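>>> Here is the input, now give the coordinates:
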Amino acid sequence: MATLADVARRAGVSSATASRIINGSSKPVAGELRERVLAAVAELQYVPNAHAQLLARPQRSVIGVIVHDVSDPYFAEITRGLQRVATDHGRLVIICNSYRDPDKEVEYVELLRAQQVAAIVLAGSGYQDAAVTAALEAKLRAYQAVGGRVAVIGRHEYGGDAVVPDNEAGGHLLGAELYAAGHRRIGVIAGPRGLTTTTDRLAGLRRAAREFGRALPARRIRYADFDRAGGAAAAGALLDAEPELTALVALNDVMAVGALGLLRSRGLSVPERVSLVGFDDMPVASDVTPALTTVRLPLAEMGARAMTMALRQSRRGAAARVEPVAAELVRRDSVAAPPAD
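Next up is the predicted model:
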């Protein structure tokens, strides 16, 4: 592989001059020298060392993004918004999957800091464990102390710049919709127990239950992974324990699709026998039959807003920027009044 020194020798110029031309320096260079260097680059098929360029440039061009799992449609949509803004600003995005392991998140923050990325965006729920939250925030503060910028999505416990969806209000919207339709026996397919997103969405459901004079007992809640298999398993466990349930709330759409498959396998029609709702309004929610009633979060917009926030330097000493994101109920075909007893 050709080096910068090879290009300089072929063009008959110094390495410094070749570097200025190749890297687009604003310092004037004679046209004849520029042509010789560019011709040498083409002849030798020279490719600049991106890592060396990163160290040499005063403007760092790489953004680190840490998500729970980019294969999850929720994070795929958020990443789409993040990347759109980064591309518009000529930035390269490095995506890291933590798989909901807080220790892995801390490791990634350290790794990205070592790579001198311009900013870090964390997308995904925070954790109920205060010690875990404090350890991560300490690493982020250390990164910010050397000029790094940070923005988070979905972590209201973080004290810095954040885009925060109203998960509690979304849970309330779903609960109110089912209780208003006449349902009294409702099961909940919850996400992982240790995530603040799970806790917040459950809190909204419980608030709706209180407002309608109902109860949401612990026996009607099953915790599972935020995936299709988790949704199916939790739905089966709920119905095995209480076959008389008339509605199921899944705390994301992927779990709701798993629950829908489980209900079909048992010959339980939706919504005639069991109503079913999801959360997030992923594209699949409108594609399944029946189409899912769900709560919409503008996921791509959330990603775009977080990346914009990370790229826009805040004034030194300014208060943290927190952008709330409202939840919206989307009514489709998966909810009906409960069957007569």
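>>> burial count for the closest residue to Gly159 other than its chain neighbours?
Leaving aside its sequence neighbours, Gly159 sits nearest to Ala320 (CB to CB, 6 or more residues apart in numbering; 6.2 Å). No exception for glycine: its C-beta is placed from N, CA and C like everyone else's. Ala320: 11 surrounding residues under other CB atoms under 10 Å.
>>> just checking, Ala320 touches His156?
No. With contact defined as CB atoms under 8 Å, Ala320 does not reach His156; the gap is 11.4 Å.
>>> Next, show the common contact partners of those two.
Counting by CB atoms under 8 Å, 6 or more residues apart in numbering, the residues touching both Ala320 and His156 are Ala162.
>>> Quick check: which ranges of the protein have low pLDDT?
24-26, 49-60, 314-317 (pLDDT under 70).
>>> Repeat the analysis, applying 50 as the threshold.
Low-confidence segments of the chain, defined by pLDDT under 50: 58-59.
>>> How is it divided into domains?
4-48, 62-165+299-327, 167-296 (automatic domain parsing).
>>> looking at these, which is buried most?
Of the domains of the chain, the one with the most neighbours on average (mean count of other CB atoms under 10 Å) is domain 167-296, at a mean of 20.
>>> three-state assignment of the residue nearest to Gly159?
coil (DSSP: H, G, I helix; E, B strand; the rest coil).
>>> next one: Met302
Met302 - assigned by three-state DSSP - is helix.
>>> Need the residues that contact stretch 298-314.
63, 74, 77-86, 89, 91, 118-121, 123, 149-154, 161, 163, 165, 280, 321, 323, 325.
>>> For the helix or strand where Arg34 lies, what is the distance to the chain centroid?
Using DSSP states H and E, the element containing Arg34 is helix 31-44. Relative to its parent chain, helix 31-44 has a centroid offset of 44 Å by CA atoms, centre = their mean, to the nearest Å.
>>> coming back round to it: closest to Ala336 out of the domains of the chain?
domain 167-296 (3.9 Å; CB to CB).
>>> Endpoints of the closest one, how far apart?
10 Å (CA to CA, to the nearest Å).
>>> Please apply the same query to stretch 223-231.
With CA to CA as the measure, stretch 223-231 spans 9 Å from end to end.
>>> How far off centre is it?
With CA atoms, centre = their mean, you get 17 Å for stretch 223-231.
>>> And stretch 263-280, by the same measure?
Centroid displacement of stretch 263-280 relative to its chain, using CA atoms, centre = their mean, is 27 Å.
>>> who's in contact with it?
74, 170-171, 174, 177-178, 181, 183, 201, 235, 239, 245-253, 255-257, 259-260, 285, 290, 292-297, 299, 333-336, 338-339.
>>> Next step: those restricted to helices.
Among the contacts of stretch 263-280, the ones falling in helices (DSSP state H) are 74, 170-171, 174, 177-178, 201, 235, 239, 253, 255-257, 259-260, 285, 299.
>>> which SSE is Gln144 in?
helix 130-145.
>>> Could you name the helices and strands sitting against that helix?
Other elements packing on helix 130-145 under the criterion 3 or more CB pairs under 8 Å, 6 or more residues apart in numbering; DSSP states H and E are helix 102-114, strand 149-153.
>>> Adding distance to Gly267, write the ones you listed out as TSV.
Shown next, in TSV, are those (distance: least, CB to CB, whole Å):
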stretch	distance to Gly267
helix 102-114	41
strand 149-153	40
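>>> Pro324 belongs to a helix, doesn't it?
No. Counting by three-state DSSP, Pro324 is located in no helix; its state is strand.
>>> what separates it from Val163, distance-wise?
Distance of Pro324 to Val163, computed by CB to CB, to the nearest Å: 8 Å.
>>> I am finished for the moment; much appreciated.
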